[in-house]
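# Following is a predicted model, sequence given first.
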Amino acid sequence: NLTQRLSGVIKNLRGQARLTESNIQDALREVRMALLEADVALPVVKEFAAQVKEAALGHEVIGNLNPGQAFIGVVHRELTRLMGEHNDALNLTTTPPAVILMAGLQGAGKTTTCGKLAKLLHDQHKKKILLVSCDIYRPAAIEQLRTLATQLGIDFFASDISQKPQDIALAALDFARKHHHDVLIVDTAGRLAIDEAMMAEIQQLHATLKPIETLFVVDAMTGQDAVNTARAFGEALPLTGIVLTKMDGDSRGGAALSVRHVTGRPIKFIGVSEKPNGLEAFHPERMASRILGMGDVLSLLEEAQRGVDHGEAEKLAKKMQAGKGFDLNDFKMQFVQMRKMGGMSALMDKLPAQLSQAAADSKVDDKSINRLEGIINSMTPQERSHPELIKAQRKKRIADGAGVKVMHVNQLLNQFEQTQKMMKMFSKGGGMAKMMRSMA
Ligand code: GDP
Ligand code: MG
């Protein structure tokens, strides 16, 4: 990923006083390569690289950041900017019912997203929702929406498939008015590829319904193809937003850049599972981090530089690099570092998703950190560097010393083992170790 690519660049740029045309050449090439790997479309990559170059040149290297880190900061900021800076929420401020029209290819996730949106607007915004399907070509598609609606307890308008899509839509709109629905969500038919009949049909639907939101639903896994689809829909319809589905898959998020770029419309949501609750607001900054391959790299580095004992970080990095020798002393040192960096909760937001999940799984929080530290303090130096020595009798002694139960000592040893595994995992990728090293 981009971070791995850039870590080499960081090293090369180290010692340079500022970013210049010549010393960022390699870095820019890595950015281009990484974005292509992340499935960003070529024209978008080119334009983006040019923007990064412009922003990076004349960028003063501030404070403790070395030019490599400063460069990553520029990339992160430009990525965020390209994707729109902030989350754009749905706009439903109109005389009810507010109509939401879904557009997109078959299989993009329109019907699923209809259900997710209905649930979200119902649960979080207490809206009264009506769902209707205009997919008259596939009765199964209408059934799919009906089933979803029933499951979620959302009102469903039964379509008469002998009618034209816009007549069904009008009937649903009329029904929604009479029954005081706040929102009408209109599912539509999609084709496997863009064709004129489909575009004409959805344009007619749009003209009939005058929706306040016209959402283009696109599968993030389609990568490069997403660009062409987005362009076609963007030209046919005045889109108000984009839903990027299947972001839980292998997608590296590149489609987010491309789709935003070609349509100029904001990505409002991402789909993160098949389940009805698998819809999240889109946050450009987080997506930039995802494309970069990790959490909020720059602010993590900044905080690290402010608070962390560089000598310790370097030692830890070495051990992690080797993938062994990580002992309870290091485990404890991590808590100390964490506290300096604002505690676990502050850190969790910024860690790469995988690592932050691992931390969550190991149930380390700010309160338990203090207890864990107390327990380790009750151990002898020998026990700390050779945790495998800690058997029943020693456990009892340590527990008594720290004023906890043996159970807590066992918990700590389990957490230690998990962390050790995690460290090995990351040291294999080299990512975390490199990151710790770059802090030092
Ligand atoms: P439509 O043809 O555009 O209506 O697409 P569907 O809503 O029927 O979705 C096609 C397939 O994609 C279904 O199997 C969905 O369960 C799946 N799907 C939709 N959105 C997501 C998502 O965000 N994540 C995952 N993993 N699957 C999704
Ligand atoms: Mg469908």
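Perfect, I can see it now. Ligands and ions are numbered 1, 2, ... in the order given.
# So which bits of the stretch 151-300 of the chain are right by ligand 1?
Applying C-beta under 6 Å from any ligand atom, one finds that the stretch 151-300 of the chain approaches ligand 1 through 190, 245, 246, 248, 249, 271, 272, 273, 274, 278. Using the backbone N, CA and C atoms, a C-beta is placed for each residue, glycine as well.
# Among these, name the ones in strands.
Filtering those for membership in strands, criterion DSSP state E, returns 245, 271.
# For ligand 1, state which of the residues of the stretch 151-300 of the chain next to ligand 1 is nearest.
The shortest approach to ligand 1 among these belongs to residue 271, at 2.4 Å (C-beta to the nearest ligand atom).
# and the closest one, what does it touch?
Applying C-beta atoms under 8 Å, 6 or more residues apart in numbering, one finds that residue 271 lies in contact with 109, 112, 113, 116, 243, 244, 245, 246, 247, 248, 278, 279.
# Identify the bridge partners of it.
residue 279 (DSSP bridges).
# just how off-centre is the host helix or strand of residue 262 within its chain?
Using DSSP states H and E, residue 262 falls within helix 254-263. Distance of helix 254-263 from its chain centroid, counting by C-alpha atoms, centre = their mean, to the nearest Å, is 15 Å.
# same question for that helix, mean pLDDT?
Regarding helix 254-263, the rounded mean pLDDT is 86.
# can you map out the helices along the stretch 151-300 of the chain?
Across the stretch 151-300 of the chain, reading from the start of the chain, the helices by DSSP state H, counting those that start in this stretch fall at 165-178, 196-209, 225-236, 254-263, 284-292, 297-307.
# winner for burial among these?
Per-residue neighbour counts averaged over each of the helices of the stretch 151-300 of the chain give the maximum for helix 254-263, namely a mean of 25 (mean count of other C-beta atoms under 10 Å).
# Report all helices and strands that that one contacts.
In this structure, helix 254-263 packs against helix 42-56, helix 67-82, strand 213-219, helix 225-236, strand 241-245, strand 267-271, helix 284-292, with contacts taken as 3 or more C-beta pairs under 8 Å, 6 or more residues apart in numbering; DSSP states H and E.
# Tell me which of those approaches ligand 2 most closely.
Closest of the helices and strands packed on helix 254-263 to ligand 2 is strand 213-219, at 9.3 Å (criterion: C-beta to the ion).
# Strand partners (parallel or antiparallel) of that closest one?
In its sheet, strand 213-219 lies beside strand 98-103 (parallel), strand 241-245 (parallel), with partners assigned from DSSP bridges.
# Using CSV, please lay out those strands together with mean neighbour count and mean pLDDT.
CSV is the format used below for the strands paired with strand 213-219 (neighbours: other C-beta atoms under 10 Å; pLDDT from 0 to 100):
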stretch, mean neighbour count, mean pLDDT
strand 98-103, 26, 97
strand 241-245, 26, 96
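# Make CSV out of these and add distance to residue 414.
As requested, the strands paired with strand 213-219 are exported to CSV (distance: least, C-beta to C-beta, whole Å):
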stretch, distance to residue 414
strand 98-103, 47
strand 241-245, 37
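# For the spatially closest residue to residue 379 that is not a sequence neighbour, grab the count of nearby residues.
Spatially, and ignoring its direct neighbours in sequence, residue 379 is nearest to residue 398 (5.7 Å; C-beta to C-beta, 6 or more residues apart in numbering). Using other C-beta atoms under 10 Å, residue 398 is surrounded by 24 other residues.
# got the contact list for residue 398?
Shown here is residue 398, whose contacts under the criterion C-beta under 8 Å, 6+ apart are 375, 378, 379, 383, 390, 409.
# next one: phi and psi at residue 133?
Main-chain torsions, residue 133, degrees, to the nearest 10: phi -110, psi 130.
# on contacts alone, who are the packing partners of the helix or strand hosting residue 31?
Using DSSP H and E, residue 31 sits within helix 25-37. Contacting helix 25-37 under the criterion 3+ C-beta pairs under 8 Å, 6+ apart are the following elements: helix 2-13, helix 42-56, helix 67-82.
# who touches the residue in the stretch 1-150 of the chain that ligand 2 sits nearest to in this structure?
For the stretch 1-150 of the chain, the residue closest to ligand 2 is residue 111, as judged by C-beta to the ion, at 3.3 Å. When contacts are counted by C-beta under 8 Å, 6+ apart, residue 111 touches 133, 135, 141, 144, 145, 148, 187.
# Now with 10 Å, please.
Counting by C-beta atoms under 10 Å, 6 or more residues apart in numbering, residue 111 touches 102, 131, 133, 135, 141-142, 144-145, 147-148, 187-188, 190, 217.
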